[in-house]
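**Q** Sharing a model that was predicted from the sequence below.
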Amino acid sequence: MATQPEVVPVGGIGVMAFGNMAELVNYVIQDDGTVFSGSAIAMNPEKVIAASKNPELMAILNKADIRYADGMGVVKVMRRKLGRKVERIPGCELWQALMAKAAVTKTPVFLVGAKPQVMAETVEKLTAMGVNIVDSQDGYFKDENELIRRIAQSGARIVTVAMGSPKQELFIGKCQKQLPDAYYMGVGGTYDVFTGHVQRAPALWCKLHLEWAYRLLSQPSRIGRQTNLLTYAWLYVTNKL
């Protein structure tokens, strides 16, 4: 069994202090093929502030078995509280690393979400990598209960869901009741990035931790959501997180 990482409170949410991505990947899929049963949620400043305004979302986030730092704002709070280095783990990179290890361990995977074309291309690309995709479903389904039944009967040990937050977290919660012995991960727009339908921020922006600014420039409609970053920054400066 992998060692339990230290948990650091960030805005009322306990975030696990993984040293790096490899440590988290090995925590989820061990070399012998053993898969962690539970759910994982990426934590960033926007999500922390949104949860502070929404008790239901706060409960969902704290219920997750793994909460990892996917935003530099969260990482900075953790570093300050721990007095040591904690790495940021981008969700899209984590997903790809998990898929690569799942290919090696032949772990059965079920994919949910995104547009039909994106899902088809994601399945094709992962299959070419050697990933065992037991089934998949794009995000345009009508019968949620039927889909959950399919997932439960598929034999999947890893289920990744691209519906956006908090919809994907709510869906995962329902799936876990039917198939508790699997690893679940909400992945947002990861399939779109993986297949090239959405361009991730250039490497320099990523290195400078300015992906949020790149997304804002690319999608000005996000401006309303980005106001949460200002709130988070103020709480960080005043040491209230």
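**A** Cool, the structure landed. Residues are numbered from 1 along each chain as shown.

**Q** what's near enough to touch residue 133?
**A** By C-beta atoms under 8 Å, 6 or more residues apart in numbering, residue 133 lies in contact with 109, 110, 111, 123, 126, 127. All C-beta atoms are positioned from the backbone trio N, CA, C, and that covers glycine.

**Q** Which one of these is nearest to residue 52?
**A** Distance to residue 52 across the contacts of residue 133 (C-beta to C-beta) is lowest for residue 111, with 31.5 Å.

**Q** Surely the closest one touches residue 120?
**A** No: using C-beta atoms under 8 Å, residue 111 makes no contact with residue 120, being 10.5 Å away.

**Q** Looking at those two, which is more packed in?
**A** More crowded of residue 111 and residue 120, by other C-beta atoms under 10 Å: residue 111, with 25 against 14.

**Q** so who does the more buried one touch?
**A** 119, 122, 123, 126, 133, 135, 136, 137, 159, 160, 162, 191.

**Q** Tell me the secondary structure of it, please.
**A** strand (DSSP: H, G, I helix; E, B strand; the rest coil).

**Q** Kindly report the same for the one 10 residues further on.
**A** The three-state assignment at residue 121 reads helix, by three-state DSSP.

**Q** Count the residues that sit near it.
**A** Residue 121: 18 neighbours (other C-beta under 10 Å).

**Q** Nearest residue to it in space, ignoring adjacent ones along the chain?
**A** Nearest residue to residue 121 in three dimensions, chain neighbours excluded: residue 195, at 4.3 Å (C-beta to C-beta, 6 or more residues apart in numbering).

**Q** which residues does that neighbour contact?
**A** 118, 121, 122, 125.

**Q** can we see that at 10 Å?
**A** 114, 115, 117, 118, 119, 120, 121, 122, 123, 124, 125 (C-beta atoms under 10 Å, 6 or more residues apart in numbering).

**Q** one step back: now list whatever residues contact both of residue 111 and residue 120.
**A** 136, 138.

**Q** hang on, the earlier thing: out of the contacts of residue 111, which are inside helices?
**A** 119, 122, 123, 126, 191 (DSSP state H).

**Q** This protein: strands as residue ranges?
**A** Remark: strands assigned in the chain by DSSP state E are 7-10, 13-16, 38-43, 66-69, 108-113, 132-137, 158-162, 183-186.
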